[in-house]
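A.B. asks: here's my sequence, what's the structure:
(chains A and B)
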Number of protein chains: 2
Amino acid sequence: MSAPTQNAGRAWVFGDDIDTDQLAPGLYMKRPIEEMARHCLEAADPQFAGSVGQGDIVVGGRNFGMGSSREQAAQALRLLGVSAVLAPSFGGIFYRNALNLGLLALVCPDAGKIAAGDQLALEPESGKVHNLSRNETYACEPIPAHLTEMVQAGGLVAHLERKRAK
Amino acid sequence: MSAPTQNAGRAWVFGDDIDTDQLAPGLYMKRPIEEMARHCLEAADPQFAGSVGQGDIVVGGRNFGMGSSREQAAQALRLLGVSAVLAPSFGGIFYRNALNLGLLALVCPDAGKIAAGDQLALEPESGKVHNLSRNETYACEPIPAHLTEMVQAGGLVAHLERKRAK
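C.D. replies: Numbering: from 1, shown residues only, chains lettered A, B, ... in the order given. Okay, the predicted model is just below:
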């Protein structure tokens, strides 16, 4: 298997129903996003924000990102260096915001098979999640190329600005 | 309760894992969308496409719209007059396509409580689904006003064209 070097990272695993208030705590909504990001997911894992590395991947349970439509939920993850979120299902608006803000989000029914610290390599266009630590591959919903390009460009606005500049 | 007259309609209920090939059958992918729409969901309910009325609401189970990214899945529902889709979870790309193409999609954990033929009234911005037939109200994920405006305008492209014309 030739795993892509892009979109590879270490898994941080969370349970079901992680809502936007856990991702972007209301207490810090009026603070700069950099400060809020330091509290991202602290209710579920106090070590997360301080320890997550560039390119790491968040693995959630059902309904990841449910709750409010606040864009800071996806922004905080990106600011911490998270490259992608995998979950069996997402809050719809969080999913939409994530792609628009340059955070890859993949619907992956088998996300529950991934353990904390597993090394993952993602092929979003072909709909594959390689678990390099367990030598397993899971199916995820494929993302069309025009959307992965938008995500890689940093999101919708950055993508449109780049296209306009050409 | 003063239910809104907009976004009110009769429920058509489907099970889990309705995929885009059931919504937009591959057999008719090269035919005009009007023809394909007449086969929308026929594998699950042969009466659906011929009987669904303007403004009716499709209620799905888990992972509604999973599968491919084909936009015809949402287009076919709109063409048949469907005003909204409710489900406990969606395929991510279908969800994204639906809003962009002017079809309201609401994440509703209690969608399973709705029976075929129930009269529903939706308040997407406050996140409420009123079941008028059973005098019940279910929570759904709220949709921000700028997105409901986009959906009501007929989707992303129509919305942008309208803004540009102003």
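
A.B. asks: for the helix or strand of chain A with the lowest mean pLDDT, packing partners?
C.D. replies: Lowest by mean pLDDT, DSSP states H and E among the helices and strands of chain A is helix A:156-165, with a mean of 90. Judged by 3 or more Cβ pairs under 8 Å, 6 or more residues apart in numbering or on different chains; DSSP states H and E, helix A:156-165 is in contact with helix A:92-100, helix A:145-152. Heads up, the C-betas are built off the backbone N, CA and C, glycines and all.

A.B. asks: and these: which comes nearest chain B?
C.D. replies: Shortest distance between chain B and the helices and strands packed on helix A:156-165, using Cβ to the nearest Cβ, is found for helix A:92-100: 4.7 Å.

A.B. asks: show residues contacting that closest one.
C.D. replies: For helix A:92-100, the surrounding residues in contact (Cβ atoms under 8 Å, 6 or more residues apart in numbering or on different chains) are A:20, A:64-67, A:69, A:71, A:73-74, A:77, A:85, A:90, A:104-105, A:143, A:147, A:150-151, A:155-157, B:90, B:92, B:95-96, B:99, B:105-107, B:141-144, B:147.

A.B. asks: list the buried residues for it?
C.D. replies: Judged by neighbour count (16 or more other Cβ atoms under 10 Å in any protein chain shown), helix A:92-100 contains these buried residues: A:92-100.

A.B. asks: could you do stretch A:148-157 as well?
C.D. replies: A:148, A:150-151, A:153, A:155-156.

A.B. asks: report the distance from that stretch to the chain centre.
C.D. replies: 14 Å (Cα atoms, centre = their mean, to the nearest Å).

A.B. asks: and for stretch A:65-85?
C.D. replies: Chain-centre distance of stretch A:65-85: 7 Å, with Cα atoms, centre = their mean.

A.B. asks: quick check: buried residues in it?
C.D. replies: Within stretch A:65-85, the residues scored as buried using 16+ other Cβ under 10 Å are A:65-80, A:82-85.

A.B. asks: same question, stretch A:119-137
C.D. replies: Quick answer for stretch A:119-137 (16+ other Cβ under 10 Å): A:120-124, A:127-131, A:137.

A.B. asks: which residues are in contact with A:Ala165?
C.D. replies: Counting by Cβ under 8 Å, 6+ apart, A:Ala165 makes contact with nothing.

A.B. asks: by proximity to chain B, which residue of chain A wins?
C.D. replies: Using Cβ to the nearest Cβ, the single residue of chain A nearest to chain B is A:Ser89, 3.6 Å away.

A.B. asks: got phi/psi on the closest residue to that residue other than its chain neighbours?
C.D. replies: Distance criterion Cβ to Cβ, 6 or more residues apart in numbering or on different chains; nearest residue to A:Ser89, sequence neighbours excluded, is B:Ser89 at 3.6 Å. The phi/psi pair for B:Ser89 (degrees, to the nearest 10) reads phi -160, psi 160.

A.B. asks: what's the burial count for B:Ser89?
C.D. replies: Neighbour count for B:Ser89, taken as other Cβ atoms under 10 Å in any protein chain shown: 27.

A.B. asks: can you check the pLDDT for it?
C.D. replies: pLDDT recorded at B:Ser89 is 96.

A.B. asks: that one and A:Gly91: what is the separation?
C.D. replies: 9 Å (Cβ to Cβ, to the nearest Å).

A.B. asks: again, but for A:Glu136
C.D. replies: Using Cβ to Cβ, A:Glu136 is found at 27 Å from A:Gly91.

A.B. asks: do the same with A:Ala74
C.D. replies: To A:Gly91, A:Ala74 is 11 Å away according to Cβ to Cβ.

A.B. asks: swap in A:Gly55?
C.D. replies: A:Gly55 is 24 Å from A:Gly91, by Cβ to Cβ.

A.B. asks: give me the more crowded residue out of those two.
C.D. replies: A:Gly91 (26 against 14).

A.B. asks: wait, what's in contact with that one?
C.D. replies: So A:Gly91 contacts A:19-20, A:63-67, B:107, B:141 (Cβ under 8 Å, 6+ apart).

A.B. asks: from those, which ones fall inside helices?
C.D. replies: Under the assignment DSSP state H, these contribute A:Thr20 to helices.

A.B. asks: and the strands in chain A?
C.D. replies: Ranges of strands in chain A, per DSSP state E, are A:8-13, A:57-59, A:84-87, A:104-107, A:119-123, A:128-131, A:136-139.
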